[in-house]
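Trainee: mind folding the following:
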Amino acid sequence: MLSDAYENSISTLSNEAREAYDLGVHRFLGAEPGVETAFQSAIDADEGFALAHIGLAREMQLRGQPSQLRASLNRAHELTSNISDREQSHLHVSTLLLEGKSSAARTAVYEHVKNWPKDVLIAQMCTSVFGLIGFSGLPGREAEQLAFISQLIPHYGDNWWLRAQLAFAQLEVGQLNEAERNIDAAIDANPHSAHSMHIRAHLYYENIQDGEGLPYLIKFWKHYDPSAALYNHVSWHVGLWSLESGDLGRMWQVLDVDISPLTSKGPPLNILTDSVALLFRAELAGVEVPSERWSALSRYALTKFPNTGLAFADVHAAIAHARGGDQVALNNIIESGSGPAGDITRTLARGYREMEDQNWARAAKFFSTVLRDHARLGGSNAQRDLIDFSLAFCLIKDGRRQEARTVLSITRPRALRKELVSGLTPASH
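Mentor: Numbering: from 1, shown residues only. So this is what the prediction gives:
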């Protein structure tokens, strides 16, 4: 029996299959292009290699391809007669994830890594702000994620993937100096990882180093394959910094070419949330957005996320429905928003309905209610700025400009450096 790049035994006798599988794992962890091709090459070299089918299923889940996901998952389950205990557990945990049983999958990951901490595709499930901890809907998810990754350090050492994920967890809790050391080491070890470059962009954002962050990210973005999984979200960062720097031409290019539902090859979750967030941030900053754009995003949300349950998607869908005028869809989220963070989803959806009706004080009350705990929605600090800015906007519209400044001075001082919220005069510095 051979071993993979992380020293886990794998049930294939084909060196070609092993090499292709390792390449698929490497590309998946780095959001590099060619993940599907690599896992398919592993299958072509050894069609009976169960974990290669699971790797392909994971990529199909990310890409929003349910029929291909199910076909790959079913085939993996047909190939379990001669696989190891570790691979049996790998298949079990992956199946929970792929079937949408997130809470059970999260528990199973913890159990699995006790025995096989270097099974990286399982450990990966509980990392990043979009992982099983990030989307758990539980309070204290940032601390839990940092603790989870920290316990892996003795097993991974200076591994680039581990250091990148550690850096992201650190910067989300404000450990910016530690995050910088780890992410720079990760990039030195693997400069092709889009996840690492993306995390470095977040660090620039948190440090309010916009002048350095935008050109840094554009340099990477221009050479990043649009078919890769993170291209959509990296483009969002470029569009957001372009908005904040006053380059509306590039912001609209990002919206129309790079992250549009009509053209993007990215994961549906990113397409929805990135498009809504950039458009709404533009509106909050005073940019006029045609109503047709909101109607199109509202329809996309209904197509890709017809049922509530994933709070991060539901909140962005609520914004699209509110701005696009679909009261039925909006009220559905208000009345039946579900999932572990459904209470916050419903509260924010009410806030956006009141905001749409220009009931500024009532909207501000809803936004204030979730201010201390909106990390439960998932996503990064940078992505959830949308909520803080929504509150500030409503306070300004309600004639409470100083209160808006006070809120942002606590939650997002960067917003006071520029007019990121219309009507909020930038602070002198």
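
Trainee: need the nearest residue in space to residue 414, chain neighbours excluded.
Mentor: Among residues not flanking residue 414 along the chain, residue 208 sits closest, at 4.8 Å (Cβ to Cβ, 6 or more residues apart in numbering). Bear in mind the C-beta positions are built from the backbone N, C-alpha and C, glycine included.

Trainee: show me the helices in the stretch 151-300 of the chain, by range?
Mentor: 153-156, 160-172, 176-189, 194-206, 210-221, 231-245, 248-253, 268-284, 291-304 (DSSP state H, counting those that start in this stretch).

Trainee: so which bits of the fifth one are buried?
Mentor: In this case it means helix 210-221. 210, 213-214, 217, 220-221 (16 or more other Cβ atoms under 10 Å).

Trainee: and which of these is nearest residue 201?
Mentor: residue 217 (4.8 Å; Cβ to Cβ).

Trainee: the closest one touches residue 234, doesn't it?
Mentor: Yes - assessed by Cβ atoms under 8 Å, residue 217 is found in contact with residue 234 at 6.8 Å.

Trainee: mind listing the shared neighbours of these two?
Mentor: 197, 201 (Cβ atoms under 8 Å, 6 or more residues apart in numbering).

Trainee: before we move on, the earlier item: deepest of the helices of the stretch 151-300 of the chain, which one?
Mentor: helix 160-172 (a mean of 26; mean count of other Cβ atoms under 10 Å).

Trainee: got the angle for that helix vs helix 194-206?
Mentor: 20 degrees (axes from the mean of the first three to the mean of the last three Cα atoms, to 10 degrees).

Trainee: residues in contact with the residue nearest to the spatial centre of the chain?
Mentor: Nearest to the mean C-alpha position of the chain, by Cα atoms, centre = their mean, lies residue 130 at 4.3 Å. Residue 130 makes contacts with 269, 312, 378-379, as judged by Cβ under 8 Å, 6+ apart.

Trainee: tell me the most packed of the residues you listed, by neighbour count.
Mentor: The most crowded member of those, judged by other Cβ atoms under 10 Å, is residue 378 (26 neighbours).

Trainee: is it true that it touches residue 128?
Mentor: No - using Cβ under 8 Å as the test, residue 378 is too far from residue 128 to be in contact (10.0 Å).

Trainee: what touches both of those two?
Mentor: The contact lists of residue 378 and residue 128 share residue 134, where a contact means Cβ under 8 Å, 6+ apart.

Trainee: so can I have TSV of the helices of the stretch 151-300 of the chain showing mean pLDDT?
Mentor: Output for those, formatted as TSV (pLDDT from 0 to 100):
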stretch	mean pLDDT
helix 153-156	97
helix 160-172	98
helix 176-189	98
helix 194-206	97
helix 210-221	96
helix 231-245	97
helix 248-253	98
helix 268-284	98
helix 291-304	98
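
Trainee: quick one: closest of the ones you listed to residue 348.
Mentor: Per Cβ to Cβ, nearest to residue 348 of those: helix 268-284, 12.3 Å.

Trainee: re earlier: how about CSV for the helices of the stretch 151-300 of the chain, with distance to residue 104 added?
Mentor: Converted to CSV, these look like this (distance: least, Cβ to Cβ, whole Å):
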stretch, distance to residue 104
helix 153-156, 24
helix 160-172, 22
helix 176-189, 31
helix 194-206, 26
helix 210-221, 37
helix 231-245, 27
helix 248-253, 41
helix 268-284, 21
helix 291-304, 24
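
Trainee: residues contacting the residue nearest to residue 414?
Mentor: 413-414, 417.

Trainee: pull up the gap between it and residue 80, please.
Mentor: 52 Å (Cβ to Cβ, to the nearest Å).

Trainee: do residue 182 as well
Mentor: From residue 182 to residue 80 the distance is 37 Å (Cβ to Cβ).

Trainee: then residue 224?
Mentor: 37 Å.

Trainee: for those two, indicate the residue with more neighbours.
Mentor: Neighbour comparison, residue 224 and residue 80: the larger count goes to residue 224, with 21 against 13 (by other Cβ under 10 Å).

Trainee: doesn't residue 193 make contact with that one?
Mentor: No - Residue 224 is not in contact with residue 193 according to Cβ under 8 Å; the separation is 10.9 Å.

Trainee: and for residue 5, the neighbour number?
Mentor: Residue 5 has 15 neighbouring residues, counting by other Cβ under 10 Å.

Trainee: now it. Nearest residue, chain neighbours left out?
Mentor: residue 22 (4.3 Å).

Trainee: show me what the particular helix or strand that has that neighbour in it packs onto, helices and strands only.
Mentor: Assessed by DSSP states H and E, residue 22 sits inside helix 15-30. Applying 3 or more Cβ pairs under 8 Å, 6 or more residues apart in numbering; DSSP states H and E, we find helix 15-30 packed against helix 35-45, helix 50-62, helix 120-123, helix 194-206.

Trainee: how about 6 Å then?
Mentor: With contacts taken as 3 or more Cβ pairs under 6 Å, 6 or more residues apart in numbering; DSSP states H and E, helix 15-30 sits against helix 35-45.

Trainee: the helix it packs on packs against which elements?
Mentor: If you count contacts as 3+ Cβ pairs under 6 Å, 6+ apart, helix 35-45 packs onto helix 15-30, helix 50-62.

Trainee: tell me which of those helices sits most buried.
Mentor: Among the helices and strands packed on helix 35-45, highest average neighbours (mean count of other Cβ under 10 Å) belong to helix 50-62, with a mean of 25.

Trainee: just to revisit the earlier point, for PyMOL, what selects the buried ones among the contacts of residue 208?
Mentor: Per 16+ other Cβ under 10 Å, the buried members of the contacts of residue 208 correspond to this PyMOL selection:
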select buried, resi 414
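
Trainee: a markdown table please, covering the contacts of residue 208 and showing distance to residue 105, secondary structure and pLDDT.
Mentor: Formatted as a markdown table, these follow (distance: Cβ to Cβ, whole Å; DSSP: H, G, I helix; E, B strand; the rest coil; pLDDT from 0 to 100):
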| residue | distance to residue 105 | secondary structure | pLDDT |
| --- | --- | --- | --- |
| 413 | 37 | helix | 83 |
| 414 | 35 | helix | 80 |
| 417 | 40 | coil | 76 |
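
Trainee: now the contacts of residue 208 as TSV including distance to residue 11?
Mentor: Output for the contacts of residue 208, formatted as TSV (distance: Cβ to Cβ, whole Å):
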residue	distance to residue 11
413	53
414	50
417	55
